[in-house]
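Peer 1: Prediction below, plus the sequence it came from.
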Amino acid sequence: MTTEHLPEVMAIDAQCYPVPWSRDVYESELARTDDRLYLIARRNRVAGHGGVAFEKGEAHITTVTVAADWRGRGIGARLFLALALAARRRRTSLVLEVAADNPAAQALYRRFGLAPVGVHRGYYTDTGLSPDAIVMRADGIHQTDYANRLINIAVELDCA
């Protein structure tokens, strides 16, 4: 993702979130090239985006968002696969927060081996989403069994 993609990225966010990230937030994140990674999924236009912040041995997934008209086509899984591979290269754990009332996202993250480890009450209160967030985590992603999980997911995505 670059600043040139932000109009399309922010249009997707406006569809998906009552309180989307501002351009300033995105520009600040994109400027941090040493400890941040932001990607887009592009078809004939930006169809989705994802990001990760590398902090203290953790890869904190900051966003995985797919435009409504592109959902159900594996774009979220492909984005998450790329983020998981980046985290694996850095030998970190994966961690994220997901809205408690978003079972589709939770299922995607379980597919990648993340498991619920807690609840942040009121985490999304100011965003217009379900107020509570489920914290999900995957450790040991540098190990062979996790690499095999990612290979299997990649094969499934290629066959879809």
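Peer 2: Ah, there it is.
Peer 1: Spatially, what comes nearest to the spatially most central residue of the chain if we skip its sequence neighbours?
Peer 2: For the chain, the residue nearest the mean C-alpha position is Val64 (3.2 Å; C-alpha atoms, centre = their mean). Here the nearest residue to Val64 in space, its sequence neighbours aside, is Gly50; by C-beta to C-beta, 6 or more residues apart in numbering that works out to 4.4 Å. Backbone N, C-alpha and C define where each C-beta goes, glycine included.
Peer 1: list the contacts for that neighbour?
Peer 2: Taking C-beta atoms under 8 Å, 6 or more residues apart in numbering, we find Gly50 in contact with Tyr38, Leu39, Ala41, Ile61, Thr63, Val64, Thr65, Gly76, Leu79, Phe80, Ala82, Leu83.
Peer 1: beta partners of it?
Peer 2: Beta-bridge pairing of Gly50 under DSSP bridges involves Leu39, Val64.
Peer 1: so how far is Gly140 from it?
Peer 2: 22 Å (C-beta to C-beta, to the nearest Å).
Peer 1: now Thr3
Peer 2: 36 Å.
Peer 1: Strands of the chain, start to end?
Peer 2: 36-42, 46-55, 58-66, 93-99, 115-120, 133-138 (DSSP state E).
Peer 1: CSV for these, including mean pLDDT?
Peer 2: Output for those, formatted as CSV (pLDDT from 0 to 100):
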stretch, mean pLDDT
strand 36-42, 97
strand 46-55, 97
strand 58-66, 96
strand 93-99, 95
strand 115-120, 94
strand 133-138, 95
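Peer 1: thinking again about what came up before, surely the residue nearest to the centre of the chain is in contact with Ala82?
Peer 2: No. Counting by C-beta atoms under 8 Å, Ala82 is not a contact partner of Val64; they are 10.2 Å apart.
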